[in-house]
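>>> Make a model of this:
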Amino acid sequence: MKATSKAQQKAAGAALSAKRGDTKPSELVGASKEMYDSMSEDELEEMAGTKRKGKPQKKED
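As a prediction, the model looks like this:
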């Protein structure tokens, strides 16, 4: 699954960092905490690795 916005990509990066043990899971809030709980490390890596160019800051409704 690819990130659809820069904000989604950043949240995935924060969750991935916690999955790898670089940051504490207790520091996560909002979308990054939900991603940490519901996604695998591989899924987070794919989402966080999406290119930013051309992505909106936030996902449009």
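
>>> quick one: what helix or strand has the residue most central in space within the chain in it?
Geometric centre of the chain, nearest residue: residue 12, 0.7 Å, by C-alpha atoms, centre = their mean. Using DSSP states H and E, residue 12 sits in helix 6-19.

>>> hmm, who's touching that helix?
Helix 6-19 has contacts (C-beta atoms under 8 Å, 6 or more residues apart in numbering) with 3, 23-25, 27-28, 30-33, 35-36, 39, 41, 44-45, 47-48, 50, 52, 55-59. For glycine as for every other residue, the C-beta is placed from the backbone atoms N, C-alpha and C.

>>> taking these one by one, which sit in helices?
30, 31, 32, 33, 35, 36, 41, 44, 45, 47, 48 (DSSP state H).

>>> buried subset of those residues?
32, 33, 35, 36, 44, 47, 48 (16 or more other C-beta atoms under 10 Å).

>>> neighbours around the closest residue to the third one other than its chain neighbours, how many?
Once its chain neighbours are removed from consideration, residue 35 has its nearest residue in residue 15; the separation is 4.0 Å (C-beta to C-beta, 6 or more residues apart in numbering). Residue crowding around residue 15 was assessed by other C-beta atoms under 10 Å; the count is 27.

>>> do the same with residue 54
5.

>>> and it, how far is that from residue 11?
To residue 11, residue 54 is 19 Å away according to C-beta to C-beta, to the nearest Å.
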